[in-house]
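Peer 1: Everything below, folded, please.
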Amino acid sequence: MWAQLKAILLLVTALLLGSFADGQTMTTIMGTDTVSSPVTGRLYLTTIPAFRAGKTLSGNIINITGLTRNVRYQVRMVAGGSLTNGSTTFPLSQINANVSAFRCVTNNHSFRLVTVPTGNQPLGATSNTATATNGIALATFETQGPSGASAVQLSFAMICLANSGTLNLVPGDDQAARAYGGLTIRFTLWWDDPNLGWTLLSTNIPSPNFSLGVTNAIELVLGPSPAVNFRLANASMYRQNQRITLNQQVQVSSNMPFNLLAYASSSNLSNGNATTTIPTNRVSLRITNIGVGAISSFTTLGVAATPATLTTSVERGLDQTFNFEYQLATGTATLIPGGTFNNNLTLRAIQL
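Peer 2: Next up is the predicted model:
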C-alpha cells in the first residue's frame, strides 16, 4: 500500500502592498559665487528583489559654474547625519555614489579630466564624515586658457546597496513605505593651492532631504523536489513509524522576523473513497536545521484552523534554507486496503 502526501501549495503573506517610484534629485549649482539646490529624492525598497539587488536613483546632475582659475579642481560629496526612522538606522555604507558622465558646458578654458573614481563610492566610508574637510572625490579636473568663466557638468547616481543585501533588511511598514530620513548630502568644490594644498573654494547649503522608503516584504520559494511520498510496502513498515527527510525544501527571505507554519487542506488523506482514509494527524513534521530558529520536536500536522508552528521567530535574512523531516505514524490506522492516498500541504511564512 502507498500513502502519499504531495502537491505542496505555496502561500506567501506580507508581499508588496502598493507601488512606489524612485524620486529624482534637483540640480546642484556650485562655483565661486555659490547658488545651490541640494540632492532631493527618495529610494524605495519594496520587494525582496529590491532588498537583494538594491535600487538606483539616477539622473543626478551637478552644474559647476564660475570657474575662472587655471588650476586643478576637485568636486567632493559629503554625507552628514544618518538615515533613520527614529528607532532603526540604515547603514550609510549601503548608500553609494557612482559617477556616470563629466562634460564641459561653457568652455572658456581648456579642460583636462584628471580622474573620476570607478565603481560605487560608499557614503559610509571612514574618510566621509559630516565635516567639510572630508568626503568622496567625484571628479578631479584641470583648467587652462584665457580669462573668463567656464562651467562643467557632472552626472552621477545614488545607489542603495553596496555590499551585502542583508544589510538592507531594515524594518518597514506593511502598506506604506516607512521613511528613513535625516541624511544630508552636499557638494563642495576645492582647488589645489600650490602653497596650502587642497583648499575649499565653495560649498552648497546642506539639507536633510534624501530619504529611503521601506515596505515589509517576504518571499517563500519551494525547493526542486517538494513532494512528500511515504511508502508502506511490507509488514515491517506497518510496525515502525516511517520518516522522510527533504533538505532545502523551502527558502525564505524577509526583512522582518517570521515564523513558518504548515497545514493540510483536509483532515484525511484520501484515495477518493470516503470510507477508506488515513487521518492527516498521523503525519507530523519538523525543521531539522535548528540554528535557524526551528522547533526541534515533531509537530502534528493539522488543518488551516490548527496549523503546525515549526519555528519560533526566525531572524530576518535573505535566502534562508529550511530542511524538513516528516514522520508517518503507522499502526492500525494505516491497515486499510492498498492504494494512493493524497492531501495538499501548505507551507506558510508569516512576518511577526
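Peer 1: Now do the helices in the stretch 101-250 of the chain.
Peer 2: 235-239 (DSSP state H, counting those that start in this stretch).
Peer 1: low pLDDT regions in it?
Peer 2: Per-residue confidence for the stretch 101-250 of the chain (pLDDT under 70) gives these ranges: 106-110, 124-134, 145-149, 161-165, 174-177, 203-209.
Peer 1: which parts of stretch 70-77 are buried?
Peer 2: 71, 72, 73, 74, 75, 76, 77 (16 or more other Cβ atoms under 10 Å). C-beta: built from backbone N, CA, C; applies to glycine.
Peer 1: Just put those residues in CSV and tack on pLDDT and distance to residue 328.
Peer 2: Compiled in CSV, the buried residues of stretch 70-77 are given as follows (pLDDT from 0 to 100; distance: Cβ to Cβ, whole Å):
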residue, pLDDT, distance to residue 328
71, 84, 81
72, 87, 77
73, 87, 75
74, 85, 71
75, 83, 68
76, 82, 67
77, 79, 62
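Peer 1: need these in TSV with secondary structure and distance to residue 276, can you?
Peer 2: As requested, the buried residues of stretch 70-77 are exported to TSV (DSSP: H, G, I helix; E, B strand; the rest coil; distance: Cβ to Cβ, whole Å):
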residue	secondary structure	distance to residue 276
71	coil	92
72	strand	88
73	strand	85
74	strand	82
75	strand	79
76	strand	78
77	strand	73
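Peer 1: What is the most widely separated pair among those residues?
Peer 2: Spatial extent of the buried residues of stretch 70-77 (Cβ to Cβ) is set by the pair 71 and 77 at 20.3 Å.
Peer 1: dump the residue contacts of the nearest residue to residue 214 once chain neighbours are set aside.
Peer 2: For residue 214, ignoring the flanking residues on the chain, the nearest one in space by Cβ to Cβ, 6 or more residues apart in numbering is residue 172 at 3.4 Å. Shown in contact with residue 172 (Cβ atoms under 8 Å, 6 or more residues apart in numbering): 45, 46, 178, 213, 214, 215, 216, 217, 255, 256.
Peer 1: out of those residues, which is most surrounded?
Peer 2: residue 45 (30 neighbours; other Cβ atoms under 10 Å).
Peer 1: Now do the contacts for that one.
Peer 2: 51, 55, 160, 168, 172, 177, 212, 213, 214, 215, 217, 255.
Peer 1: What is the neighbour count of the spatially closest residue to residue 330 that is not a sequence neighbour?
Peer 2: Excluding the flanking residues, the one nearest residue 330 by Cβ to Cβ, 6+ apart is residue 238, at 5.0 Å. Counted with other Cβ under 10 Å, residues neighbouring residue 238 total 15.
Peer 1: Check the one 4 residues further on too.
Peer 2: Residue 242: 17 surrounding residues under other Cβ under 10 Å.
Peer 1: Distance check, the residue nearest to residue 330 against residue 318.
Peer 2: Distance, residue 238 to residue 318, by Cβ to Cβ, to the nearest Å: 43 Å.
Peer 1: tell me the centre residue of the protein?
Peer 2: The residue lying closest to the centre of the chain (Cα atoms, centre = their mean) is residue 51, at 1.4 Å.
Peer 1: before we move on, what SS does it have?
Peer 2: What DSSP: H, G, I helix; E, B strand; the rest coil gives for residue 51 is helix.
Peer 1: So it sits against residue 170, correct?
Peer 2: No: using Cβ atoms under 8 Å, residue 51 and residue 170 do not qualify as a contacting pair, with a distance of 9.2 Å.
Peer 1: what residues do these two have in common as contacts?
Peer 2: residue 255.
Peer 1: can you list the domain ranges for the chain.
Peer 2: The record's domain parsing of the chain by automatic domain parsing lists 2-14+219-351, 28-216.
Peer 1: ok, now which ones touch the closest residue in space to residue 339 that isn't next to it in sequence?
Peer 2: Leaving aside its chain neighbours, residue 339 sits nearest to residue 271 (4.1 Å; criterion: Cβ to Cβ, 6+ apart). When contacts are counted by Cβ under 8 Å, 6+ apart, residue 271 touches 277, 339, 340, 341, 342.
Peer 1: what do you get for residue 321?
Peer 2: 248, 250, 251, 289.
Peer 1: Can you point out the helix or strand that includes it?
Peer 2: strand 317-328 (DSSP states H and E).
Peer 1: can you pull the buried residues of that strand?
Peer 2: 317, 318, 320, 322, 323, 324, 325, 326, 327, 328.
Peer 1: And for stretch 249-262?
Peer 2: 249-250, 252-262.
Peer 1: quick one: which of those residues is nearest to residue 97?
Peer 2: Of those, the one sitting nearest to residue 97 (Cβ to Cβ) turns out to be residue 255, at 24.2 Å.
Peer 1: Find the nearest non-adjacent residue to that closest one, please.
Peer 2: Counting by Cβ to Cβ, 6+ apart, the nearest residue to residue 255 once its immediate chain neighbours are dropped is residue 169, at 4.2 Å.
Peer 1: Does that neighbour touch residue 320 like I think?
Peer 2: No: using Cβ under 8 Å, residue 169 is not in contact with residue 320, being 11.1 Å away.
Peer 1: on that earlier part again, export the buried residues of strand 317-328 to CSV and tack on distance to residue 302 and pLDDT?
Peer 2: Putting the buried residues of strand 317-328 into CSV (distance: Cβ to Cβ, whole Å; pLDDT from 0 to 100) gives the following:
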residue, distance to residue 302, pLDDT
317, 27, 90
318, 30, 90
320, 24, 92
322, 19, 94
323, 21, 94
324, 16, 95
325, 17, 95
326, 14, 95
327, 15, 95
328, 15, 93
